[in-house]
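[1] Kindly return the folded structure for what I paste below:
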Amino acid sequence: MSSKLMLRASAATIALLAAGNAFAADLPAKAAPPVIVEEHCKAALSTPSYGPTIKAPTDNNCWASPIGDLYLGGALSGYAYSFQSAQFAYAAPTPGTDPERTSRLDFSNAMLWIQKADGPFQFFVAAGLYSIPGLGLPVYQSWDQNSLLFGPVPAAYGKYQINEEWSVQGGRMFTNIGSELPFTFQNINISRGLLFGQENIINQGAQVNYSSGPLSASVAVTDGFYSGELNWVTGAITYKLDDSNTIGVNGGTHFNNFNSATRGFGFQFATPLALQNSSIVSANYTYANGPWTVTPYIQYTAVDSNAGLGLIGAETFGASILAAYNFTDNFSLGGRFEYITQSGNRNDPFGRTNVLYGPGSEAFSYTITPTFTYGRYFLRGEYAHVDLASFQRGTAFAGGGVLGLGFGRFGNKSGQDRYLIETGFTF
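    The predicted model follows:
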């Protein structure tokens, strides 16, 4: 090949290579695969539940672990009552002591909880000291309440989320029953109400949950009033009418008899004989809009007649209204009014099993609780009054006699006042 032809071939090759490079430069570069950033600690926490005055913390204590995101929370608070009129005649659960004196200053909550709130497998565990003060009842120390109620671990259960609608859980769980919650920081008021005294609080068992749109429902087989034997079935249904209005029905009943009287008084503190062998149903409505939250509800209970257990039978009917108004982000006012009555006649004390203040008794209460919050800190005071009617009065005197079922050292007083203050923080 001549030198001229070789030069022409080389020039053509160079031109083609240059053109190819130009075409490649004109094409868009291949996109890099997207970088997927996994978001942690974004679960919406619904446990424990909070009320409208002491609100759940907005920032969660969360960290990633090999089993998923874990959330840590807690409540540390103390309370005192400077005065309670018509103190009680009896001092159980610690004979020889005065519960009214030893409980003037105490922890209301010294609790921690940890939970896994997303993914197929979830769990919740709460541990520590707690006090559950109830109106019309003696106030025992938190240490005594822990020993006699649910121990230092009041809640511990696992949950499996089958899909977006269905889940199952089991262990030591919060009850399906009632409109007030167990621990003080969860509620509008410091003290639990009279109707709350007819309800169980913590159950051991298994539960199925369903939630779709505005409808939520749960059914559980449990041990009722913490008996340790699966002999209760409970359920709850709530339906959200709109953003402001919700209705619900909840209740439960026993399907086997249980004789807690053979276990001693300490066992019966959490598992009363009559209530363990009872049934309960409650209907509620909640209005929550702007600064207002209002929850009226009604409740009915029935105790079976059972000669083998020494139960003659009894019924109660009660109605209550809980309300809170938030004046600002930091100050709110809560209140509760309630009424409850028991079947029977006070002139026939053996005609019905006592589950209130004797057969035929009635009780009214009202409670006012102003609350100040700043971030996670809260401070609140409370005044509560209880009035009794048609209760069994005693014939007690200094040297003997029969104690009544009302208030006071001899059980003959019809009214009781309580002043409380509570302060602490949640996280």
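[2] Show me the shaky parts of the stretch 301-427 of the chain.
    396-400 (pLDDT under 70).
[3] any chance you could map the strands in it?
    314-326, 331-342, 362-374, 377-389, 415-426 (DSSP state E, counting those that start in this stretch).
[4] and those as CSV, adding distance to L137 and mean neighbour count?
    Any C-beta I mention is one placed from the backbone N, CA and C, and that applies to glycine too. Converted to CSV, the strands of the stretch 301-427 of the chain look like this (distance: least, CB to CB, whole Å; neighbours: other CB atoms under 10 Å):
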stretch, distance to L137, mean neighbour count
strand 314-326, 15, 19
strand 331-342, 13, 21
strand 362-374, 11, 19
strand 377-389, 10, 19
strand 415-426, 10, 19
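[5] These into TSV, with extra columns for distance to P133?
    Below are the strands of the stretch 301-427 of the chain laid out as TSV (distance: least, CB to CB, whole Å):
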stretch	distance to P133
strand 314-326	16
strand 331-342	13
strand 362-374	11
strand 377-389	10
strand 415-426	8
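[6] What segments of the chain are helices?
    Applying DSSP state H to the chain gives helices spanning 3-26, 99-102, 142-148, 265-270, 273-276.
[7] Am I right that A288 is in contact with S244?
    Yes - between A288 and S244 there is a contact at 6.0 Å, judged by CB atoms under 8 Å.
[8] coming back round to it: I'd like to know which of the helices of the chain has the weakest mean confidence.
    Here the lowest mean pLDDT among the helices of the chain goes to helix 3-26, at a mean of 42.
[9] top strand in the chain by residue count?
    If you go by DSSP state E, the chain has its longest strand at strand 68-84.
[10] Sheet-wise, list the partners of that one with their directions.
    Here strand 68-84 has these sheet partners by DSSP bridges: strand 61-65 (antiparallel), strand 105-116 (antiparallel), strand 415-426 (antiparallel).
[11] That one vs strand 377-389, what angle?
    50 degrees (axes from the mean of the first three to the mean of the last three CA atoms, to 10 degrees).
[12] Might you report the residue contacts of the residue positioned nearest the centre of the chain?
    What sits nearest the mean C-alpha location of the chain, by CA atoms, centre = their mean, is L181, with 3.2 Å. Contacts here follow CB atoms under 8 Å, 6 or more residues apart in numbering; on that basis L181 touches 48-49, 51, 174, 187.
[13] Among those residues, which one has the most neighbours?
    Counting neighbours by other CB atoms under 10 Å, N187 leads the contacts of L181 with 26 neighbours.
[14] Let me see the contact set for that residue.
    51, 180-181.
[15] Relative to A110, which of those is nearest.
    Closest to A110 out of these is L181 (17.5 Å), distances taken as CB to CB.
[16] Angles on the backbone of the closest one, please.
    phi -100, psi 160 (degrees, to the nearest 10).
[17] so how far is Y377 from it?
    L181 sits at a distance of 20 Å from Y377 (criterion: CB to CB, to the nearest Å).
[18] How much space separates G136 from N277?
    For G136 relative to N277 (CB to CB), the value is 22 Å.
[19] quick one, what contacts E338?
    193-195, 318-321, 364-366.
[20] Tell me if I'm right that V294 and N284 touch.
    No - using CB under 8 Å, V294 is not in contact with N284, being 10.8 Å away.
[21] pLDDT weak spots in the stretch 1-150 of the chain?
    Counting by pLDDT under 70, the stretch 1-150 of the chain has low-confidence residues at 1-38, 82-84, 86-103.
[22] Next, count neighbours for the spatially closest residue to P272 that is not a sequence neighbour.
    Take P272 and drop its neighbours on the chain: the residue closest to it by CB to CB, 6 or more residues apart in numbering is F225, 6.5 Å away. By the measure other CB under 10 Å, the count of residues near F225 is 26.
[23] I'd say F225 and Q268 touch.
    No - using CB under 8 Å, F225 is not in contact with Q268; the gap is 9.3 Å.
[24] so N259 makes contact with T271?
    No - N259 is beyond contact range of T271, at 10.2 Å (criterion: CB under 8 Å).
[25] I'd like to know the beta-bridge partner residues of F121.
    Judged by DSSP bridges, the bridge partners of F121 are Y160.
[26] and it, what does it touch?
    F121 neighbours (CB under 8 Å, 6+ apart): 67, 158-161.
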